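A.B. asks: sequence unavailable; structure follows:
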């Protein structure tokens with residue numbers, strides 16, 4: 001009996017080890033497959049005072065964050081979801097650097113280095129690194145860390161307890177809010193893409209009428225009279241076209257494509 005249990009225990013350990021290895025391999029593959037996306041997005045921010053390699057490094061942090069927060073069950077493409085996090089990380093890195101503009105030149109490099117290490121360690125540890133840990137990782141004397149941090153980041157700690165019981169760290173709420181923003185951004189982008197595909201199934205005039213009526217291109221909805229003048233049509237004819245299009249959109253594959261956004 002004991003021997004059987006021991007064999008079962010060893011078998012489960014091997015199975016668990018295999019699962020862990022497979023998960024790590026999948027994570028590495030996902031990371032490597034999206035490195036070009038990071039480079040592509042980073043290039044869009046060149047010429048704004050931050051070297052391309054630094055932009056890529058910040059973007060890689062965003063990619064790692066996206067991997068941690070991604071939920072495949074929600075139906076998003078990973079690359080679409082990761083784009084939001086990568087852009088967020090790059091713009092934050094640029095904002096951090098902008099705070100150092102008035103510093104002496106010899107301090108700027110140290111401040112940027114420390115800010116980046118601080119973010120990386122928070123990513124790896126799941127908490128804010130101590131000054132001693134930052135000093136060991138960066139090679140900067142611990143007594144200098146505090147002064148540099150004042151120039152690089154907001155002094156509010158993500159580990160600061162908040163709430164009525166002060167049990168949850170501030171970082172938990174910030175991360176949840178960011179994840180929701182990422183999901184909303186992805187949903188909005190997917191919706192616009194699907195609307196474009198659906199409208200492409202209509203004839204040219206129907207497309208133009210709907211785009212103008214709902215302000216899809218510039219956010220400025222037009223009245224029936226305004227659209228009628230543009231096309232040389234009566235107000236009633238424009239209304240009729242609108243009704244015909246809306247009837248088409250409520251049925252068939254077009255409706256199926258857009259219905260999930262209304263839920």
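C.D. replies: Looks like it came in fine. The structure displayed is predicted, hence computed values, not measured ones.
A.B. asks: would you map the helices across the stretch 101-250 of the chain?
C.D. replies: Taking DSSP state H, counting those that start in this stretch as the test, the helices found in the stretch 101-250 of the chain are 105-125, 131-138, 142-152, 170-199, 204-214, 224-231, 235-249.
A.B. asks: helices and strands around the third one, which ones?
C.D. replies: Translated: helix 142-152. helix 105-125, helix 131-138 (3 or more Cβ pairs under 8 Å, 6 or more residues apart in numbering; DSSP states H and E). Yep, even glycine has a C-beta here, placed from its N, CA and C like the rest.
A.B. asks: now mean pLDDT and mean neighbour count too, for the helices of the stretch 101-250 of the chain, in JSON lines please.
C.D. replies: Listed next are the helices of the stretch 101-250 of the chain as JSON lines, based on pLDDT from 0 to 100; neighbours: other Cβ atoms under 10 Å:
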{"stretch": "helix 105-125", "mean pLDDT": "76", "mean neighbour count": "16"}
{"stretch": "helix 131-138", "mean pLDDT": "89", "mean neighbour count": "16"}
{"stretch": "helix 142-152", "mean pLDDT": "75", "mean neighbour count": "15"}
{"stretch": "helix 170-199", "mean pLDDT": "59", "mean neighbour count": "14"}
{"stretch": "helix 204-214", "mean pLDDT": "89", "mean neighbour count": "17"}
{"stretch": "helix 224-231", "mean pLDDT": "92", "mean neighbour count": "16"}
{"stretch": "helix 235-249", "mean pLDDT": "89", "mean neighbour count": "15"}
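A.B. asks: save the helices and strands packed on helix 142-152 as TSV, and put in distance to residue 88 too.
C.D. replies: Formatted as TSV, those follow (distance: least, Cβ to Cβ, whole Å):
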stretch	distance to residue 88
helix 105-125	12
helix 131-138	23
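A.B. asks: which one of these lies closest to residue 211?
C.D. replies: helix 105-125 (42.0 Å; Cβ to Cβ).
A.B. asks: so what does the closest one touch, helix or strand wise?
C.D. replies: helix 52-69, helix 78-98, helix 131-138, helix 142-152.
A.B. asks: now those helices as a markdown table including distance to residue 198?
C.D. replies: Putting those into a markdown table (distance: least, Cβ to Cβ, whole Å) gives the following:
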| stretch | distance to residue 198 |
| --- | --- |
| helix 52-69 | 28 |
| helix 78-98 | 18 |
| helix 131-138 | 51 |
| helix 142-152 | 47 |
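A.B. asks: what's the closest of those helices to residue 203?
C.D. replies: helix 78-98 (29.7 Å).
A.B. asks: returning to what we had before: quick one: closest of the helices of the stretch 101-250 of the chain to residue 78.
C.D. replies: Among these, the nearest to residue 78 by Cβ to Cβ is helix 170-199 (10.3 Å).
A.B. asks: and the helices and strands packed on helix 105-125: which comes nearest residue 235?
C.D. replies: Of all these, helix 78-98 sits nearest to residue 235, with 40.4 Å by Cβ to Cβ.
A.B. asks: now for the closest one, which elements pack on it?
C.D. replies: Applying 3+ Cβ pairs under 8 Å, 6+ apart, one finds that helix 78-98 contacts helix 35-43, helix 52-69, helix 105-125, helix 170-199.
A.B. asks: give me the residues contacting the second one.
C.D. replies: Put plainly, it is helix 52-69. 27, 30-31, 34-35, 37-39, 41-43, 45-46, 78, 81-82, 84-90, 92-94, 97, 112, 116, 119-120, 123, 175, 179, 182 (Cβ atoms under 8 Å, 6 or more residues apart in numbering).
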